[in-house]
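Participant: Need the 3D shape of this:
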Amino acid sequence: MSDVTDALDVLAPVAGTALSLSTVPDPVFSEGMVGPGVAVHPEPGQEGGQEGTQSAVAPITGDLVKLHPHAFVVMAPDQRRGVLVHLGIDTVELAGEGFTLLAEEGARIEAGTPVIRWSPGLVAAQGKPSVVPVVALDAAEGAVRDLADGVVRTGESLFTWH
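Facilitator: Predicted coordinates:
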């Protein structure tokens, strides 16, 4: 049994509806190839939702080890656990359009710090799903628990990584 103090609370980087990763229209996420987690589907009227822009925030405190216009990875202080936030599906094809970086790769950031400003509506208008997979990279089976389901606000708990 793992030590409860070792649990890492992973927060929602955006507001929307939390659903199983199996709902993501990309097998890399839906089949758990990169790890378990939760998908957040942005919705109109929720902190920017589909209509306007919103900030995607750091889901944990740690080091911003990877930063792209459409995705980022924060490594926990223990340097054993990284959390991937991917803004939309196939959004790399947008070449940064509709995304503004608010932090710098390599920075130490606190949970809740804005990392990227983006427009789920623009992503959808470009024919890309605006779903946001939040993944515990390479986590062991059963390591992710207390998965959120339903409406979540930015900064609320999405899951716990043990």
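Participant: What ranges does the protein have for its helices?
Facilitator: Applying DSSP state H to the chain gives helices spanning 27-30, 120-125.
Participant: Which one of those helices lies nearest to residue 60?
Facilitator: helix 27-30 (18.6 Å; C-beta to C-beta). (Each C-beta comes from the backbone N, C-alpha and C, glycine too.)
Participant: and that closest one, what does it pack onto?
Facilitator: Of the remaining helices and strands, none touches helix 27-30 by 3 or more C-beta pairs under 8 Å, 6 or more residues apart in numbering; DSSP states H and E.
Participant: is it true that residue 64 touches residue 102?
Facilitator: No: in this structure, residue 64 is not within contact of residue 102 by C-beta atoms under 8 Å, at 10.5 Å.
Participant: neighbour count winner among the two?
Facilitator: For residue 64 and residue 102, the more surrounded residue by other C-beta atoms under 10 Å is residue 64, and the numbers stand at 19 against 14.
Participant: Okay, and the beta partners of the more buried one?
Facilitator: residue 74 (DSSP bridges).
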